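Q: Here is my input; please provide its structure:
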Amino acid sequence: MSTEKQNAVAKKEQTSSERFMQKVVAEFGTNVGEVALTQFQKRLAQNYFMALDSVLRDAEDKRLKRLEKNRDPVPITWANVNMEKLAQDVVALARVGFDPAQPNHINPIPFKNGKTHKYDITFIEGYRGIELKATKYGLDTPDKIIVELVYSNDKFTPLKKDAHNPIESYTFNIENPFNRGEIVGGFYYHLFVNMPEKNKLVLFSKADIVKRRPDRASPEFWGGEKDKWDKGQKVGTETVAGWFEKMCWKTIFRAAYSDIAIDSQKIDDDYLRLMRLESEFTEAEVNEEISQNANRKVIDINPTPPQPEAPEENGAAADTRPESDLQAEPDRPQAPEAPRMDPF
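A: Next up, the predicted model:
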């Protein structure tokens, strides 16, 4: 092939951004009935591309840093992403209003598809994304939702509904704002201005909060001991402080919005796709867990059962994904790690 022809082919070859936008535009045209995107839709699509591009680069960097024998041979790049599925998911998420440029809205995570040998991108809702979804699709959304942690030096009195008290409420005084003591629990309060008899107060002890901690929660978020690795080898442990208070508050926040029932009359194709994305991620996690534990020698005949993952937050079921801490081990390859999200 001549130099002129090679240059012409290079000019015609689309960039990853162009291919992504082309797929998204086509998907919008298929579902919305028009090809032209609004400026808002274009901005959202660009935000998704930038977020995805960053996640893919980080995942590929981690893949390359692993020992070659533990490294997945398929590069985590745009060329190996299932673009058809990605475009459909992005359009559904954009129409709901999820914006990856907004903190804690939506978090993209790549997973290797064993059948296609390409990477599927799944999306995990952050705790603000849970709030957005509940507000958009909720059946009976409260006028206000209050989420608070209670400390040992605070004065908190719940006023539950009974025969003499038709309205559920509470009193809450912070006696010493700069020395509130230790966390003892928390609560959320659904407030209905025009129908106060529907007000709802839900209490959480500290144990209630901690048991909702994801089974593989990262110490960087919850605090505690963390494995220390060097060149694919575990070399010990280290203690990290984490953001325990923020994670406790976020846990109750997620529960507060997850408690809002979905209005079946508001369910649309975009909501159903969100449900499919959650199901796909759960399946991907199960497959990863199987691959990690298959053909490994059992050394504990009475293993400790995992902690239950009750509904929490980053809403819905406990937010295990963005906060998982999957360390590379020297005896096997791993799927791409989930990105660490800002707990704020």
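
Q: and the residue sitting nearest the centre point of the chain, what helix or strand is that in?
A: Nearest to the mean C-alpha position of the chain, by CA atoms, centre = their mean, lies I124 at 3.5 Å. Per DSSP states H and E, I124 falls inside strand 118-125.

Q: same question, A26
A: Using DSSP H and E, the element containing A26 is helix 16-32.

Q: any residues touching that helix, and which ones?
A: Under the contact criterion CB atoms under 8 Å, 6 or more residues apart in numbering, helix 16-32 has outside partners 14, 34-35, 37, 41, 45-46, 48-49, 52-53, 78, 83-84, 86-88, 90-91, 269. C-beta here means a position set from N, CA and C on the backbone, and glycine is covered the same way.

Q: any idea of the pLDDT on S17?
A: For S17, the pLDDT comes out at 82.

Q: next one: the one 5 residues further on
A: We have a pLDDT of 81 for Q22.

Q: E68 now?
A: At E68, the pLDDT value in this model is 84.

Q: Need phi/psi at it.
A: Per-residue torsions, E68: phi -60, psi -40 (degrees, to the nearest 10).

Q: Helices of the stretch 201-344 of the chain, start to end?
A: For the stretch 201-344 of the chain, helices defined by DSSP state H, counting those that start in this stretch occupy the ranges 206-210, 219-222, 244-258, 269-293.

Q: tell me the most buried of those?
A: helix 244-258 (a mean of 22; mean count of other CB atoms under 10 Å).

Q: packing partners for that one?
A: Here helix 244-258 touches helix 127-137, strand 144-151, strand 183-191, strand 200-205, helix 206-210, helix 219-222, going by 3 or more CB pairs under 8 Å, 6 or more residues apart in numbering; DSSP states H and E.

Q: Mean pLDDT lowest where, among these?
A: If you rank the helices and strands packed on helix 244-258 by mean pLDDT, helix 219-222 sits at the bottom with a mean of 84.

Q: one step back: and of the helices of the stretch 201-344 of the chain, who's closest to A134?
A: Minimum separation from A134 across those (CB to CB) falls at helix 244-258, 4.2 Å.

Q: Could you check the angle the closest one makes with strand 183-191?
A: Relative orientation of helix 244-258 and strand 183-191, computed by axes from the mean of the first three to the mean of the last three CA atoms, to 10 degrees: 30 degrees.

Q: what about the stretch 1-150 of the chain, any weak spots by pLDDT?
A: The stretch 1-150 of the chain contains residues with pLDDT under 70 at 1-13, 28-37.

Q: Apart from its neighbours in sequence, what residue is nearest L56?
A: Nearest residue to L56, sequence neighbours excluded (CB to CB, 6 or more residues apart in numbering): I76, at 5.6 Å.

Q: For that neighbour, grab phi and psi.
A: Main-chain dihedrals, I76, degrees, to the nearest 10: phi -90, psi 80.

Q: returning to that earlier point: adding distance to A101 as columns, could you present the helices and strands packed on helix 244-258 in a markdown table?
A: Formatted as a markdown table, these follow (distance: least, CB to CB, whole Å):
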| stretch | distance to A101 |
| --- | --- |
| helix 127-137 | 12 |
| strand 144-151 | 24 |
| strand 183-191 | 27 |
| strand 200-205 | 32 |
| helix 206-210 | 30 |
| helix 219-222 | 22 |
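
Q: need the contact list for the nearest residue to H117 once chain neighbours are set aside.
A: Distances taken as CB to CB, 6+ apart put V74 closest to H117, at 6.1 Å, once the chain neighbours are dropped. Contact analysis of V74 by CB under 8 Å, 6+ apart lists N80, K112, H117, K118, Y119.

Q: Helix, strand or coil: sort out V74 for me.
A: With DSSP: H, G, I helix; E, B strand; the rest coil as the basis, V74 sits in coil.

Q: Can I take it that S54 is in a strand?
A: No: per three-state DSSP, S54 lies outside any strand segment and is helix.

Q: So G97 sits against Y137, correct?
A: No: G97 is not in contact with Y137 according to CB atoms under 8 Å; the separation is 11.0 Å.

Q: ok, the two, which is more surrounded?
A: The residue with more neighbours, out of G97 and Y137, is Y137; 21 against 16, by other CB atoms under 10 Å.

Q: For the more buried one, give me its contacts.
A: Contacts of Y137 by CB under 8 Å, 6+ apart are I262, D263, K266, I267, Y271.

Q: so how far is Q88 from it?
A: In this structure, Y137 and Q88 are 19 Å apart, going by CB to CB, to the nearest Å.
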